[in-house]
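Enquirer: need coordinates for the below:
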Amino acid sequence: MSTDVDVRDGAASFVAKWRARWPEWELGMVFVPAAQRPLVEAWFTLLQELTDAAWGGADPTPGLAKLAWWQEELGGWSKGARRHPLGALLQPRSAVPWLALGRALPDLRALRGRDADAAAEPHGAGDVVAGEAFAAAMADCEAALFDGRADADARAVVLRGLLDERSLVQATPMEAIDVADRNARRARPGTRPRGIASAFTSARRRGAGAALPPVRALLAAWRGARSPR
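Expert: Alright, predicted model coming up:
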């Protein structure tokens, strides 16, 4: 087994790391059906592992190794095999396009550094936009996991959320993010969990990245939960 990703700990340790970074979700879960909450936690924990590998650290080399490991792992999930403990919750959802998500990881990596600025700018028809392929794969996965939509609106909201999250990890020109806000302002998230996540990341970005106070978090979650309607 590759040692690029440590799989010795149980899923709970990975989820705990995600909860520590996003304490707002303790209130956000109020708006998620109880049966979906473990799945929501596992999904967003997985996304955190992927974005940390893609964007984290001054030296990109360890992250590239982790992304390669995850590409292989997600391909295994599509065939019923798993090594990472998060797979115990996520992999059995056979309708989820795990292989496509893994194949789109290089596009997530393309949002690191200068390439990200171009993702939010207007493009002509047929242009390849950094982050768009991964956002589409994410939207497809979320639609399958949470019984939602994966249309153009859903993809636009996911892409805006990726840019918001990247801005919390690395310094990103605000002008580029603001263009993405305008492009997705009227777009509806494909699922309720995505609506809540989008509300949290957007509010954090506007608040210098700090965790939201409880009242603001609750209000953001309420608005996000209503947005897919």
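Enquirer: tell me how far the residue most central in space within the chain lies from L108.
Expert: For the chain, the residue nearest the mean C-alpha position is L47 (4.5 Å; C-alpha atoms, centre = their mean). Using C-beta to C-beta, to the nearest Å, we find L47 at a distance of 10 Å from L108. For the C-beta atoms, the positions are set from N, CA and C on the backbone; glycine is no exception.
Enquirer: and the residue nearest to the centre of the chain, what element?
Expert: Using DSSP states H and E, L47 falls within helix 37-55.
Enquirer: list the contacts for S227?
Expert: R188, P189, G195, S198, A199 (C-beta atoms under 8 Å, 6 or more residues apart in numbering).
Enquirer: report the separation between the third one and D52.
Expert: What that stands for is G195. In terms of C-beta to C-beta, G195 sits 23 Å off from D52.
Enquirer: got it, and the first one?
Expert: Counting by C-beta to C-beta, the gap between R188 and D52 amounts to 28 Å.
Enquirer: thinking again about what came up before, which one is the residue nearest to the centre of the chain nearest to, not counting chain neighbours?
Expert: M138 (7.4 Å; C-beta to C-beta, 6 or more residues apart in numbering).
Enquirer: what's the first helix or strand after the strand or helix carrying the one you found?
Expert: For M138, the host element (DSSP H and E) is helix 132-146. On the C-terminal side of helix 132-146, the closest following helix or strand by DSSP H and E is helix 152-169.
Enquirer: return the list of helices and strands in contact with that following helix.
Expert: Taking 3 or more C-beta pairs under 8 Å, 6 or more residues apart in numbering; DSSP states H and E as contact, the helices and strands that helix 152-169 lies on are helix 37-55, helix 115-119, helix 132-146, helix 174-184, helix 192-206.
Enquirer: right, so of the ones you listed, which gets closest to F14?
Expert: Nearest to F14 among the helices and strands packed on helix 152-169 is helix 37-55; the distance by C-beta to C-beta comes to 5.1 Å.
Enquirer: now the helix or strand just after the closest one: buried residues?
Expert: For helix 37-55, the following helix or strand on the C-terminal side (DSSP H and E) is helix 61-77. Going by neighbour count (16 or more other C-beta atoms under 10 Å), the buried part of helix 61-77 is G63, L64, K66, L67, A68, W69, W70, Q71, E73, L74, G76, W77.
Enquirer: so the third one sits against A53, correct?
Expert: Yes - taking C-beta atoms under 8 Å as the contact criterion, K66 and A53 are neighbours in contact, 3.8 Å apart.
Enquirer: what's the burial count for G131?
Expert: 26 (other C-beta atoms under 10 Å).
Enquirer: that one and R205, how far apart?
Expert: 16 Å.
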